[in-house]
Every structure is written in C-alpha cells, then in structure tokens.
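Undergrad: sequence-free structure coming up:
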C-alpha cells in the first residue's frame, strides 16, 4: 500500500461536512439495518475483488457517490465488474441501497464513511476505474486543502489504478475546475507523469462521454442553476 504523510491532503480523517440529513423512514431504516451490513466494505484488511465478490473481476471505485444513480447504472451496465462506492452522507447511502434493492444488483459494495480510508486498503495497481463526480467544491481559498482533487489524493488514485485504468472527474463549479486543472497538470504535464489526459479538443470535456450517466446533481446544476458541466478522463500510463 502507498505511504501517506500525516497532515498532507491524503489525511485519512477527512470526513468534512454533515453526514446525516433528513430522518429516515421505516423502510429506509430497515435497509440500513439489514441490507447495508450484507454489502458493506469490511472495516479492515485488504479490499480486493476476491474478498468482496468471491472471485477476480475488474474493480471500479466511486468517491462520494451521492444518491448512487451513476454507480447503479454502471453496475447494471457491467454485471461482471465489481463496484465499490464510498459516501459519508447517510441519506445518500440510503439512495444507493434503494438502487441495489430495486434493481437486484449483486456487484456493489458500500462504505458509509470516508473514501480514502477504503482506497488506501486497495492494493496498488488494482482498479480499472475511479470516479469523482461533482465533489464538494469547498470554494473558499482557506478550504482548498479539503478538496479531493489535491496532490495527495490524486497520487493515491494513480497508485491504485492499473496501467490503462481510467480516472473520471466531473464538476460544474468554475473555482473547482480551475483548481483541478492546475493540480492535474502536475500529473499529466511531463512524459513520465502518471496520467494521460484523454482529450483532443474542447468537445471532449464539454460533452458527457458514453457510459457516463447523468446524476441528479448534474441535472440540477444544468437545468436549475444553468451551469456548464465539464467532464474529464485521465488514463493511467
């Protein structure tokens, strides 16, 4: 596993913001009590496909899955792949559990809590995809270290992806966009950099790629707030 220094942006105690919202209804509470323990990521030890799903398969990891619709769509689209999702917000976890239950998805495992604590336990060179879609932008400059797109977390993502694996990042926030491009330039801007930016022109990051389903947050950003949305794909060299 990768080594991470205390106090840098990879710190593994980075559960920022609220984790609980609206009170759960009885059916939702039942899913938390009965379904979540069956598909939860183990609390310790290595996080591998064999341990989570009983066999070797391509692994995907979604950081902060919101209500889980993107993760569920991808899991439904790729039933022979395993999906790990981490989300600190309980109501989001409940949304994902609803997708798992209603669609009969058996290839999803969920972490209710911090993504980096789980990602750190994934063996290096294991993941086929990592997704970071519309993360909290932490727009104030003094909070920039809390953004997931920072040197420490991005290096961890690079370590965990297999060669040819893909990191997908999406945002509708212009401050986060500029910050992310600055950070990712350090990971793509030289021949020996870990990532290759998969873009041959503006249309590559202005239009949603195939197999990238729209989340409710993206839909709200586009239709309610009339924000532009940007899509980025980076391949592990």
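TA: That came through, no problem. Here the structure is a predicted model, which means the values were calculated and not measured.

Undergrad: now the spatially most central residue of the chain: phi and psi?
TA: Centroid-nearest residue in the chain: residue 63, 2.2 Å away (criterion: C-alpha atoms, centre = their mean). Per-residue torsions, residue 63: phi -90, psi 120 (degrees, to the nearest 10).

Undergrad: run through the strands of this structure in chain order.
TA: Applying DSSP state E to the chain gives strands spanning 59-63, 82-87, 108-112, 127-133, 161-171, 195-197, 230-236.

Undergrad: turn those strands into CSV, columns for distance to residue 148 and mean pLDDT.
TA: (Glycine included, C-beta is placed from N, CA and C.) Putting those into CSV (distance: least, C-beta to C-beta, whole Å; pLDDT from 0 to 100) gives the following:
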stretch, distance to residue 148, mean pLDDT
strand 59-63, 6, 98
strand 82-87, 11, 98
strand 108-112, 15, 98
strand 127-133, 6, 98
strand 161-171, 9, 98
strand 195-197, 15, 97
strand 230-236, 13, 97
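
Undergrad: these into TSV, with extra columns for distance to residue 45?
TA: Below are the strands of the chain laid out as TSV (distance: least, C-beta to C-beta, whole Å):
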stretch	distance to residue 45
strand 59-63	15
strand 82-87	14
strand 108-112	13
strand 127-133	17
strand 161-171	21
strand 195-197	29
strand 230-236	25
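
Undergrad: so for residue 224, which of those sits nearest?
TA: strand 161-171 (16.1 Å; C-beta to C-beta).

Undergrad: any idea how far the closest one is from the chain center?
TA: 10 Å (C-alpha atoms, centre = their mean, to the nearest Å).

Undergrad: so where's this protein shaky on pLDDT?
TA: Applying pLDDT under 70 to the chain picks out residues 1-21.
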